[in-house]
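Participant: Here is a sequence together with a model predicted from it:
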Amino acid sequence: MPKTVKLMQGNEACTAGALAAGLKFYAGYPITPSTEIAELCAEELPKIGGKFIQMEDEIGSIAAIIGASLTGKKSMTATSGPGFSLMQECLGYASLCEIPLVIVNVQRMGPSTGMPTSPAQADVMQARWGTHGDHPVIVLAPGNVRECFELTLRAFDLSEKYRVPAIVLTDEVIGHMREKVELPDPADVKPVRRAAPKSPAGYKPYAVESDSATPLMAPFGEGYRWHVTGLFHDESGFPSNKPEVADKLLRRLMAKVEKNAADIEDYATESLEDCDIAVISFGSSAMSSLSAVRRLRKEGKKAGMLRLKTIWPFPETVVRELAGHAKTIFVPEMNLGQLALEVERVVGCRSRVVRVGKVNGELFRPEEIYNAIMGAK
Amino acid sequence: MRVEFRLSGSGGQGLLLAGIVLAEAAILEGKNAVQTQSYGPEARGGSSKAEVVISGDDIDYPKATDPDFLLALTADAYRTYGKLQGKGLIIVDSSVALDPAITARTVALPILDTAANAVGKKVVANIVALGVLGGLSGVVGSSVLETAVLSRVPKGTEELNLKALRAGLELAAGAKAKA
Amino acid sequence: MSDALKYFRQDRLPHIWCPGCGHGTVTGALVRAIERLGLDKNKVCVVSGIGCSSRAVGYLDFDTLHTAHGRALAFATGIKLSRPDLKVIVMTGDGDCTAIGGNHFIHAARRNIGITTIVMNNEIYGMTSGQYSPMTPKGLLGTTAPYGNAERSFDLCELAKASGATFVGRGTSFHVPLLIDLIEKALQNDGFSVVEAITQCPTYLGRKNKLGGAVEMLNWIKDKTVNAKAAAALPPEKKAGKLLIGELHNAPAPEFAGEYGELIGKVQRSFENIKGGLWECASNSD
């Protein structure tokens, strides 16, 4: 099948990316502005023998996809702020038990019910730290509709490879906008499959060869008869209260992401090499930012743009390098400085970091970012 | 060359679909197109706005900044968005009373009436409007618009919608001839 | 028991339950019912939530899943829908199932998904040391009911029945042969089955309410229950305030995961020759 070019909605592209990755199980609960993903999965999954279920709430949704993932099926749910909040406990469960799964969070204005049909990008920190306890997580942020396809597909690949829950953080603008998308020939898509043990004999579910490795995962129902628990556990999978076991496990879980950051991190740049004004942004804010940066360039200003496609792990290296030559770094985001906090942490005092926040439920207009840059003293 | 459209009216008028078809037609012609929307909690009624940006180049900002064409099918939409209109043309339904305070170039066309009477179904006003936008902007060809309409409208309504599109194109041709 | 032992992970024993706890009796009844049915160890999956009851799964030699508080049925729903060929069993407690997990319980019942749910009802939160649960009888003491429980309790079996469960029974840790029979029937029902097993908690419910040790509590359980069949012939005063035990509801109906499988077949037949749609994206995947 050749490449196809079509007008696609962001939420539709997320669904297509998931299907390309091999999605076989979706559980979800209706919530604006993510609902199109559930509707499309309900329609498409039965055609390929996959399963869709509308659960009684978002807690049940993430629980059901963990169950399905344990049977070896690629599983996903999609939601927005209030539902994402409800999912946090089981997200931690998936992190600790190393269950691959993908959550698409189409962000809307919060807190609380907020503004259900209006965009925001204020779940940056919740996506990283929403569940209790230190835990690994991978968060990707598409910057356009095509990337909704690409990064949802990639979220599955990374989640399966590292057995870490992966979150696709989009927003109401990207989720609902339609754009020209070129889909790859399905034959060119080679989704990652999680590494499985060869035989049940001597299977130790959490045994690894190094202190940052991902263990082999057996599907339920195939004779492995293993135990999964949200309690801290040793390599046998059974609970352990031993301090040294807990310490080793948590450090390994974090190391899976930290030591593989170079493999996970992804970003796009424009005119970054010689810039002394840099803009770091993500998602729909990055579209407005790019427009502002291009205008500044046309006017002869040395402006450049770094757009993060991976938010967690935070791409420290590229930001640190940028701090070496950009005098000022602007961070436009539809919240009051969540990503900027990370930028400030990494940059230290080598560059000036300026927060450009917008929280009225509307996407930045390019001139707002342009004016913020021009007006900064 | 970036061309921006803003389609406004009330929820349920099908303006979102008209925007989608316009964007799809542009893509069929090999251009880039982005369609966005804003909406309230109402499924029917309330205000509705769809925007389409079409360009031969890469599109960064997806929304209209200074629309080249504003379509307003209701008085509310006309008053709300007409005031914001700068360089571009306002296309307003003839049923809407014009406001002298709105100074942008304006053309009033009987879009709702054409749908209800000439085409015979008021629900296709959105496709009549699409024909008007396509004809006045010239940004996409009429045959591509037809293809795009056929790919997006419900089965069994193809003839009706094509009739609506052509009626819209004629309204546009008439308006151009007068101008 | 010797044959039933093969279903235990014997290297995980002894268990952590208190001396005199009834949970081991219920777990033993489950294993005996599985043995009677000769289920394939590799095709049984047992899921639990949080609490004393949830620890049972660690001792059983199947694929086992110890989940989050109240969520066992939601995890199990994912497993059953994904792998309808597996026998999926949920072991839960009164707090886990009827308080924090109440919504999942009524919806699993409504769907009639093929999960056998065994509720170990000791009428108290044991793991957190004796707070009252939605199943604690009115008036009994708990650490959070120091003056007697002021709340009414659930009739779990009526709740299950009203919600759509297709097999419902109540047994106790005193009436072990009955409990085994009930679990066996529940496992045979192709649909959502509930077996409430009333068990004794001498450590918390017993001590707090001066109900005595395990033996006295078993007698207490015996005295507050009456067999549903026998009850039909008893005068009202003999069954007043007593809980019915035995098979309480048996109304087979199409099972959800199987029905969804049939829906898939129908959809696939009608889309066989149609191209287009997002599913092309899935044409290359496993």
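Facilitator: Everything's here; your move.
Participant: Neighbours of A:Gly60, how many?
Facilitator: Using other C-beta atoms under 10 Å in any protein chain shown, A:Gly60 has 31 neighbouring residues. C-beta: built from backbone N, CA, C; applies to glycine.
Participant: what do you get for B:Leu130?
Facilitator: With other C-beta under 10 Å as criterion, B:Leu130 counts 32.
Participant: for the lowest-mean-pLDDT helix or strand in chain A, the distance to its chain's centre please.
Facilitator: Across the helices and strands of chain A, mean confidence by mean pLDDT, DSSP states H and E is lowest for strand A:4-9: a mean of 91. Put simply, strand A:4-9 sits 22 Å off its chain's centre (C-alpha atoms, centre = their mean, to the nearest Å).
Participant: What of stretch C:242-261?
Facilitator: On C-alpha atoms, centre = their mean, the centre of stretch C:242-261 falls 13 Å from that of its chain.
Participant: In which helix or strand does C:Ser26 reside?
Facilitator: Actually, residue C:26 is Val. It isn't Ser. Assigned by DSSP states H and E, C:Val26 belongs to helix C:23-37.
Participant: What's the first helix or strand after that helix?
Facilitator: strand C:44-48.
Participant: Regarding the residue nearest in space to the middle of chain A, what is its secondary structure?
Facilitator: Closest to where the C-alpha atoms of chain A average out (C-alpha atoms, centre = their mean) is A:Val139, at 2.6 Å. With DSSP: H, G, I helix; E, B strand; the rest coil as the basis, A:Val139 sits in strand.
Participant: what residues are up against it?
Facilitator: Going by C-beta atoms under 8 Å, 6 or more residues apart in numbering or on different chains, A:Val139 touches A:124, A:127-128, A:166-169, A:310-312.
Participant: Narrow those to those in helices?
Facilitator: Among the contacts of A:Val139, the members falling in helices are A:124, A:127-128 (criterion: DSSP state H).
Participant: quick one: which of the residues you listed is most hemmed in?
Facilitator: Neighbour max across these (other C-beta under 10 Å) = A:Val124, 26 neighbours.
Participant: Spatially, what comes nearest to it if we skip its sequence neighbours?
Facilitator: Spatial nearest neighbour of A:Val124, chain neighbours left out: A:Gln338 (4.0 Å); criterion: C-beta to C-beta, 6 or more residues apart in numbering or on different chains.
Participant: circling back: buried stuff in the least confident helix or strand of chain A?
Facilitator: A:4, A:6-9 (16 or more other C-beta atoms under 10 Å in any protein chain shown).
Participant: Widest-spaced pair of the contacts of A:Val139?
Facilitator: By the measure C-beta to C-beta, A:Val124 and A:Ala166 form the most distant pair in the contacts of A:Val139, at 15.2 Å.
Participant: ok, how many other residues are close to C:Gly164?
Facilitator: Using other C-beta under 10 Å: C:Gly164 sits among 17 other residues.
Participant: cool, and A:Thr328?
Facilitator: 16.
Participant: Any chance of the backbone angles for the closest residue in space to it that isn't next to it in sequence?
Facilitator: Leaving out its chain neighbours, the residue that sits closest to A:Thr328 by C-beta to C-beta, 6+ apart is A:Arg352, at 4.7 Å. Dihedral pair for A:Arg352: phi -90, psi 130, per degrees, to the nearest 10.
Participant: give the contact list for A:Arg352.
Facilitator: A:327-329.
Participant: Now find how far off-centre stretch A:109-124 is within its chain.
Facilitator: The answer for stretch A:109-124 is 17 Å, by C-alpha atoms, centre = their mean.
Participant: I misspoke; the intended subject was stretch A:243-256.
Facilitator: 23 Å.
Participant: List the buried residues of that stretch.
Facilitator: Buried, per 16+ other C-beta under 10 Å, within stretch A:243-256: A:248-250, A:252-253, A:256.
Participant: Contacts for it, please.
Facilitator: Against stretch A:243-256 from outside (C-beta under 8 Å, 6+ apart): A:95-96, A:98, A:134-136, A:162-164, A:206, A:208, A:211-214, A:232-234, A:240.
Participant: Mind giving me the PyMOL command for buried ones among those?
Facilitator: Listed next is the PyMOL selection for buried residues among the contacts of stretch A:243-256, using 16+ other C-beta under 10 Å:
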select buried, chain A and resi 95+96+98+135+136+162+163+164+206+212+214+232+233+234+240
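Participant: before we move on, back to that, what's the following helix or strand past the least confident helix or strand of chain A packed up against?
Facilitator: Next helix or strand after strand A:4-9 toward the C-terminus (DSSP H and E): helix A:10-21. Judged by 3 or more C-beta pairs under 8 Å, 6 or more residues apart in numbering or on different chains; DSSP states H and E, helix A:10-21 is in contact with helix A:35-44, strand A:74-79, strand A:102-109, helix A:145-162, strand A:166-171, helix A:172-176, strand A:178-183.
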